[in-house]
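missing the sequence, but the structure's below:
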């Protein structure tokens, strides 16, 4: 009787382990199938790619650093035509995150209440109006090698295309530095836009005594797959 009870207990334990192991195997397979290591050449790693925007002040206003994610993207370096497209997730834009302030070079931190107010103003109908324009896009026509920056060992590419923001489209050219890092192409560049060029009135209050500048400097920090064998960077340290 004790032998039969012991046998049943052993079988039950074995079945439980098999069930747990089977579920774990499925979970691992699902994670692998979604891994950025499965991306095609030129595909953007959206998990780690970021865009950072420096917002300068006017009058008694404050400088801000904005962190945003990309919804999707492709970039074919060296392409003369149809070099790719970057789609920015405007709903993800977050003011004064510690990483954004560090990347832009702003000292100090911003309290949660101020960040909440800045985000509400930035995403609201008077500025970005993300409910109506949830994405911005950079349609890249060409991405050709350019002259290297003096004193830099990194390859430099000129990305030429059209930038669409807030429903307005404007031509855009960006110089980007590219280097191989952790199995990826690490692409970094920046450009300046004027909010008024895209139908946006820069935020201000107190009859203009407090506000933000019209010009915004936007930094792209992108991770692009050079091949399907690329491995995921474990972190993005700025």
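Everything's here; your move. Every value quoted in this text rests on a predicted model; they were computed, and no experiment measured them. Numbers count the residues shown, from 1 in each chain.

For this protein, which segments count as strands?
Assigned by DSSP state E, the chain shows strands spanning 50-59, 64-75, 84-95, 135-145, 155-165, 168-181, 184-194, 204-205, 210-224.

Same list (these) but as CSV, adding distance to residue 109, mean pLDDT and mean neighbour count.
(Glycine included, C-beta is placed from N, CA and C.) Shown next, in CSV, are the strands of the chain (distance: least, Cβ to Cβ, whole Å; pLDDT from 0 to 100; neighbours: other Cβ atoms under 10 Å):
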stretch, distance to residue 109, mean pLDDT, mean neighbour count
strand 50-59, 16, 95, 19
strand 64-75, 11, 98, 21
strand 84-95, 12, 98, 20
strand 135-145, 27, 97, 19
strand 155-165, 28, 97, 19
strand 168-181, 28, 96, 14
strand 184-194, 23, 97, 17
strand 204-205, 23, 86, 12
strand 210-224, 19, 96, 19
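
could I get these as a markdown table with distance to residue 125?
Putting the strands of the chain into a markdown table (distance: least, Cβ to Cβ, whole Å) gives the following:
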| stretch | distance to residue 125 |
| --- | --- |
| strand 50-59 | 18 |
| strand 64-75 | 18 |
| strand 84-95 | 13 |
| strand 135-145 | 16 |
| strand 155-165 | 15 |
| strand 168-181 | 16 |
| strand 184-194 | 20 |
| strand 204-205 | 16 |
| strand 210-224 | 17 |
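
Return the residues in contact with the closest residue to residue 108 other than its chain neighbours.
The shortest distance from residue 108 to any non-neighbouring residue, by Cβ to Cβ, 6 or more residues apart in numbering, is to residue 101 (7.5 Å). Neighbouring residues of residue 101 by Cβ atoms under 8 Å, 6 or more residues apart in numbering: 65, 107, 108, 109, 110.

Same check on residue 209?
59, 60.

go on, residue 174?
Residue 174 makes contact with 138, 158, 159, 189, 190, 191, 220, according to Cβ under 8 Å, 6+ apart.

Was I right to think the first one contacts residue 86?
Okay, so that is residue 138. Yes - taking Cβ atoms under 8 Å as the definition, residue 138 is a contact partner of residue 86 at 4.4 Å.

List the contacts of the spatially most central residue of the chain.
Against the mean C-alpha coordinate of the chain, by Cα atoms, centre = their mean, the closest residue is residue 50 at 2.5 Å. Neighbouring residues of residue 50 by Cβ under 8 Å, 6+ apart: 67, 68, 69, 70, 99, 103, 221, 236.
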